[in-house]
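> Fold the following.
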Amino acid sequence: MTSRIVACAQCGQRNRVPAAATGRPVCGRCKEAVAWIVDADDRTFRHVAERSATPVLVDLWAPWCAPCRAVGPALERVAGELVGSIKLVKVNVDEAPRLQARFGVRAVPTLMMLRDGKVVARQAGGAPANVLRAWVERTLGSAAGGA
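This next block holds a predicted model:
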């Protein structure tokens, strides 16, 4: 598993964010929560995404896909706006063929919300950040209301 470097929205400090951990990542300088954005593949997905106590937004994408490259920054923006509420896990389907098959991904980008390791919402295709955020918030609200 690899970590990612994420800048703190409060102070700008660059922080190494672990792929899998308990709790939520915080800035090493100001101790504010930072966006949890990580990568996963066939080997690491279970540990990084399915075992997460935090709801997970999964981005199944491919580097050759123009819509995927366009929606990536929007998803990172949403993760930054919803710090502490979600974990964004990016899965390159070219490097994760078992996950692509397991989830029946026929088009990229495909987005899924996981809660307690279970898919609670799914959509194919990209959208602007405000639309994606509304979808995530609706999903979080309906999943919480159904519990």
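
> Run through the residues that contact residue 87.
With contact set as CB atoms under 8 Å, 6 or more residues apart in numbering, residue 87 has these partners: 36, 37, 38, 49, 52, 54, 55, 56, 57, 79. Using the backbone N, CA and C atoms, a C-beta is placed for each residue, glycine as well.

> contact partners of the helix or strand the third one falls within?
Of the helices and strands defined by DSSP states H and E, residue 38 is found in strand 36-40. Outside of strand 36-40, the residues that reach it under the criterion CB under 8 Å, 6+ apart are 1-4, 6, 17-20, 24-25, 48-49, 54, 76, 79, 83, 86-92, 96.

> what pairs with that strand, and is each one parallel or antiparallel?
Neighbouring strands of strand 36-40 in its sheet, by DSSP bridges, are strand 87-92 (parallel).

> for stretch 58-75, how far is the first residue from the last?
For stretch 58-75, the separation between the terminal residues is 10 Å (CA to CA, to the nearest Å).

> Now find how far off-centre it is within its chain.
Distance of stretch 58-75 from its chain centroid, counting by CA atoms, centre = their mean, to the nearest Å, is 12 Å.

> buried set for that stretch?
The neighbour-count criterion (16 or more other CB atoms under 10 Å) identifies 58, 59, 60, 61, 62, 65, 67, 68, 71, 72, 74, 75 as the buried residues of stretch 58-75.

> list the contacts for the nearest residue to the fourth one once chain neighbours are set aside?
Looking back up the chat, that one is residue 61. Leaving out its chain neighbours, the residue that sits closest to residue 61 by CB to CB, 6 or more residues apart in numbering is residue 68, at 3.8 Å. With contacts taken as CB under 8 Å, 6+ apart, residue 68 has the following neighbours: 59, 61, 62, 108, 109, 126.

> thinking again about what came up before, can you name the element that comes right after the strand holding residue 38?
Per DSSP H and E, the helix or strand that comes after strand 36-40 is helix 45.

> list the contacts for the most centrally placed residue in the chain?
The geometric centre of the chain, computed from its C-alpha atoms, lies nearest to residue 88 (CA atoms, centre = their mean), at 1.5 Å. Neighbour list for residue 88: 35, 36, 37, 38, 56, 57, 59, 75, 76, 78, 79 [criterion: CB under 8 Å, 6+ apart].
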